[in-house]
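Asker: sequence-free structure coming up:
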């Protein structure tokens, strides 16, 4: 049964979830869910970013991906997650992928469980150099990818926000991977929607992160086998 929308409380801007290894995974009986949509009243920039090299592959300008807004203000690429869970469903490591297509990272924002592999791919026939840093400072990987079809796997060993850039002169290229110690997270789609399932009954803090608009939090109580609506406006 869907409950009322959760109240949203603005907090100090936070760059990334804190690493927290106190999570225990196991069976969840009577888990509930949180679902909703994230929207914004902000307007995307109409200015295009200039491309300074490799025009044959990259084109001559790029549209900023900092704000991807759909119909009705639907906000894509927002990460929604629960914080400080002691236990819940297993946090299973998987493989996520990051491709380079037309000198753009795809997907722009994603999330993964700590210990997952990220498969770096290149669909471009030019040199890229993929630079991943935790919190923008702690180097995780820095690899040259000069060949179309090339694939390289790297392990996401730490929780936090991984910012990915290109050191081959493609200064507009940027992507993010939020890495968590638990599986209770989601990334909003083009319609701004998200869903987090299998949540043990209880009261939590839900955090909504966006690269441009910052972070908001809300207290949310999830009933056993119930559904809570969590809609938010940036």
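Answerer: Cool, the structure landed. Model, not experiment: these values are computed from the prediction. Numbering: from 1, shown residues only.

Asker: Please list all residues in contact with the residue most central in space within the chain.
Answerer: Centroid check for the chain by Cα atoms, centre = their mean gives residue 110 as the closest residue, at 3.5 Å. Residues near residue 110 by Cβ atoms under 8 Å, 6 or more residues apart in numbering: 96, 98, 175-178, 187. Glycine gets a C-beta too; all of them are placed from N, C-alpha and C.

Asker: Show me the beta-bridge partners of it.
Answerer: residue 177 (DSSP bridges).

Asker: in terms of contact, does residue 94 touch residue 111 like I think?
Answerer: No. Using Cβ atoms under 8 Å as the test, residue 94 is too far from residue 111 to be in contact (10.9 Å).

Asker: ok, the two, which is more surrounded?
Answerer: residue 111 (21 against 10; other Cβ atoms under 10 Å).

Asker: In the protein, what helix or strand scores lowest on average pLDDT?
Answerer: Lowest by mean pLDDT, DSSP states H and E among the helices and strands of the chain is strand 9-10, with a mean of 36.

Asker: any chance you could map the helices in this structure?
Answerer: 55-58 (DSSP state H).

Asker: Where does the prediction get shaky in it?
Answerer: Confidence mapping of the chain against pLDDT under 70 gives the ranges 1-21.

Asker: Most distant residue from the centre of it?
Answerer: residue 56 (29.8 Å).

Asker: can you count the residues close to the residue nearest to residue 95 when sequence neighbours are not counted?
Answerer: For residue 95, ignoring the flanking residues on the chain, the nearest one in space by Cβ to Cβ, 6 or more residues apart in numbering is residue 117 at 4.5 Å. For residue 117, the neighbour count with other Cβ under 10 Å is 15.

Asker: Kindly report the same for residue 106.
Answerer: 15.

Asker: check contacts around it.
Answerer: Residue 106 neighbours (Cβ under 8 Å, 6+ apart): 98-100.

Asker: rerun that using 7 Å as the cut-off
Answerer: residue 99 (Cβ atoms under 7 Å, 6 or more residues apart in numbering).

Asker: one step back: my guess is the residue nearest to residue 95 contacts residue 153. True?
Answerer: Yes. With contact defined as Cβ atoms under 7 Å, residue 117 and residue 153 form a contacting pair (4.9 Å).

Asker: What count of nearby residues applies to the closest residue to residue 184 other than its chain neighbours?
Answerer: Spatial nearest neighbour of residue 184, excluding adjacent residues (Cβ to Cβ, 6+ apart): residue 82 at 4.2 Å. Applying other Cβ under 10 Å, we find 22 residues neighbouring residue 82.

Asker: State the distance from residue 82 to residue 121.
Answerer: Relative to residue 121, residue 82 is positioned 30 Å away (Cβ to Cβ, to the nearest Å).

Asker: Over to residue 62?
Answerer: Plainly put, residue 62 is 19 Å away from residue 121 if you go by Cβ to Cβ.

Asker: who has more neighbours, these two?
Answerer: Ranked by neighbour count (other Cβ under 10 Å), residue 62 and residue 121 place residue 121 first, with 20 against 17.
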